[in-house]
Every structure is written in C-alpha cells, then in structure tokens.
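In: Provided below for reference: sequence and predicted model.
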Amino acid sequence: MAHRKLSLYQSMILILVAVCAPLGNTCLAKGMTSLPELTLAHPLALFAAAFTPWVALGIALLIGFFASYLTALSWADLSYVMLATAWGNMLVELLAHFCLHETVSYQRWLGVVLITLGVALVAPGPSHTEQPAPHNSGAPR
Amino acid sequence: MNLTSLPVLSTGYWAATAMIAAVVLSSTAGEVLTAAAMKSVGDLDEIRAHSGLKGAIVAVLTCPLFFAGVFFMAVAFFALLFTLNHLNLGLAGPATASLTVFTNAVAAKLFLKENVDRRRWTSAVLICIGVYFLAH
C-alpha cells in the first residue's frame, strides 16, 4: 500500500466530514423535538419546519458533510475515510459532558476510549490504495 | 431464553434480524457505490482547480454510479425509519451503526479492491465496538 501523506487541506476536509455529520444530526434533533408534533395530514408544516433556525442549521451542516465526504472519497479510500472520521461520533458525547454538563455513563466513556484508539491506529496510516495501472495495449499516444 | 419474549424483539427474532440487515446492507451498498463513483470521477480538488466549482459539480452529477449510491442511501434512510418504527432504538441504533462500520470495511476490500490491512481491520473492530457502546 503506497503511503501518501495528507495535505493540511485534506486533513481539514476529513475534520469537516467528522464534525458536520454529528453536529448536523444534533441540530436536526434539537430543532425537531422543539416543534409541536408533526403529522402527514399537514405536510406543509414539515416544509415550514425546514426554515426554523435549528433545522436550517442542521440541514446546512449535513450539506457541508456530504460535499466534504464526496471530496474526501475522491482522493482517499472508503475504509480510511469511514474509520479516520469516526471520532465525530464521540464529539457529541464530549460536548454533552463538558458544555451541557450532562452525565455520560461509563459504558459511553468506554465507547469514546475505543473509538479514540481505533482512530489513532488508522489515521496516521496510508489513506489511499494505489490501484495497478491499466494494461497498456502498446498503441502509440 | 426465548428471544422473542424480549420487548425489543416483539416483532420476532427473524423479522428484527431482517430489518437490521436491510438497513446495514442498503447503507453499505450506498456507501460503496458512492465511493466507486467518486473514484471514477477522480480527484475533485484537481477538477475544481481546472474547471471551477461548476465543473466539479457537473463531473459528479454526470456519473450514473453516484445516483445509484444516493438511491441506496435513501433506501437505507427509509429502512432505518421503518426499523425504528418496529424495534426499540436501544437495539436498532447500536446494531445498525456498529455493523455498518464492519460491513463497509468488508465491502471496500471485496468490491473496491482497497487494501484493508491488519491496521484497518483492528481499527474497524475497535470502532465497531466503540460505536455500539456509544449508541447503546
């Protein structure tokens, strides 16, 4: 496996992938739970919900996640991007504990430790598998 | 122990397994197809440097594999909604989140021919267990 070091820009893209998805989901959850119960009988209410501040912020963050995810997949392996950005999952736990002073169970702290170990193991490694070049038919170019 | 007597498995053991498998497999198919699409498109940063943001967007939107990936991601989303409607979040959340990490690594090796070495397998197992504990 060829070891191609990530540039600062590429590292920033991976950070965006890791951060935008959990924060976007959290914003969506916060926005949707603060709204009155929505039913399919009033579909316009669902449409209007997209323009409330928390839901709009969540949608913007998820659009940012998808754009940076596609960019990352264009120069890195799926198995690398998926593992190296898994620390985003524990970001919500850390924010909940340190910013919102919520109690985090020992089980969840164990999850945070295991994810940290997993990311620390894969992140410094190679990000891209060099595929063998297609067989040249010998035609002059 | 009779598994079907558990509240989270009131729909039946095999039905619960099928629902979780549907979420995991459709999600994995979506991720792999999207990754294959982006590999075929090439480095988006280079395309953007040559053709601008519009060129990069056109390059992605003219790739049929991309739409296949988005289709399966949408299937996974609705399968998850269906599953959450029938199963306890305490079971469906951790099971789908952690299994997807592992199946993505397997699919990346099988279909995308990525070199998933011992380091990545160890990392996948650690993150798989970690996500399970976090989502539980």
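Out: Arrived safely. Numbers count the residues shown, from 1 in each chain, chains lettered A, B, ... in the order given.
In: Mind naming the longest helix for chain B?
Out: The longest helix of chain B (DSSP state H) is helix B:13-41.
In: buried stuff in it?
Out: By neighbour count on 16 or more other CB atoms under 10 Å in any protein chain shown, the buried set for helix B:13-41 is B:16, B:19-39, B:41. (Glycine included, C-beta is placed from N, CA and C.)
In: and if you look at stretch A:113-130?
Out: By 16+ other CB under 10 Å, the buried positions in stretch A:113-130 come out as A:114-116, A:118-119, A:121-123, A:126-129.
In: Over to stretch A:101-114?
Out: Neighbour counts using 16+ other CB under 10 Å place A:104, A:108, A:111-112, A:114 of stretch A:101-114 among the buried residues.
In: Also stretch A:26-38?
Out: Within stretch A:26-38, the residues that count as buried by 16+ other CB under 10 Å are A:26-28, A:31.
In: hmm, back to that, can you tell if the longest helix of chain B touches chain A?
Out: Yes: counting by CB under 8 Å from any CB of the partner chain, chain A has neighbours in helix B:13-41: B:31-32, B:34-35, B:38-39, B:41.
In: Next SSE downstream of that helix?
Out: Per DSSP states H and E, the first helix or strand lying C-terminal to helix B:13-41 is helix B:44-61.
In: now the helix or strand just after that next one, how far from the centre of its chain.
Out: Once the chain leaves helix B:44-61, the next helix or strand it forms, by DSSP H and E, is helix B:64-86. Offset of helix B:64-86 from its chain centre (CA atoms, centre = their mean, to the nearest Å): 9 Å.
In: on contacts alone, who are the packing partners of the next helix or strand after helix B:64-86?
Out: Using DSSP H and E, the next helix or strand after helix B:64-86 towards the C-terminus is helix B:89-111. Packing partners of helix B:89-111 (3 or more CB pairs under 8 Å, 6 or more residues apart in numbering or on different chains; DSSP states H and E): helix A:78-84, helix B:13-41, helix B:64-86, helix B:118-135.
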